[in-house]
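Asker: only the shape, not the letters, is given here:
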């Protein structure tokens, strides 16, 4: 089961980001309850209430996968007290709080590198979905092949968007909900 607990938000004024909160996705496999990205602290109650609707609480989450380590994707990591946290070592270096995503094992989940926004950005593939974080923060990034405004390498970001599109999956963006595969030409 996959459920978008929060769509995410990105508010700009005069081209400057004034507020950003990432999407939050729950994935339940046969073996794990997983959260991909945890958004900002002001979204904490939304996340808890959405979990409660599914008869879950933060303590039921065993795995948290962060697509990258910008604040708007990790501020609620602390509520998942029973979770192991995974990210790319290109993001966390030698921080012992995180495990290398390559150590994560669940036959229903594939984690792939999707660099461009950051060099260590990763995405999570589950069945017919890919949760991409800020590889595609907005729907039009993947629909129209527009690299994210904030990126470390625009050519790499575009290459990643083409790769994501080639998978022909529903895309859960970093800040604007789901792009269904039928919308991606």
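Answerer: Noted; the coordinates are in hand. The structure presented is a predicted model; accordingly, all values stated were derived computationally and were not measured.

Asker: wait, what's in contact with the residue lying closest to residue 60 once chain neighbours are set aside?
Answerer: Of all residues not flanking residue 60 in the chain, residue 33 sits nearest, at 5.4 Å (CB to CB, 6 or more residues apart in numbering). C-beta: built from backbone N, CA, C; applies to glycine. Residues in contact with residue 33, defined by CB atoms under 8 Å, 6 or more residues apart in numbering, are 26-27, 56, 60-63.

Asker: what about residue 91, which helix or strand?
Answerer: Assigned by DSSP states H and E, residue 91 belongs to helix 89-92.

Asker: against which helices or strands is that helix packed?
Answerer: Packed against helix 89-92, as judged by 3 or more CB pairs under 8 Å, 6 or more residues apart in numbering; DSSP states H and E, are the following elements: strand 98-100.

Asker: got the buried residues for the strand it packs on?
Answerer: Going by neighbour count (16 or more other CB atoms under 10 Å), the buried part of strand 98-100 is 98-99.

Asker: how far does that strand sit from the chain's center?
Answerer: Its chain's average C-alpha position is 16 Å from that of strand 98-100, according to CA atoms, centre = their mean, to the nearest Å.

Asker: just checking: what are the partner strands of that strand?
Answerer: In the sheet, strand 98-100 lines up against strand 84-87 (parallel) (DSSP bridges).

Asker: residues making contact with the partner strand?
Answerer: The contact list for strand 84-87 (CB under 8 Å, 6+ apart) reads 62-69, 77, 97-101, 103-104, 111, 120, 122.
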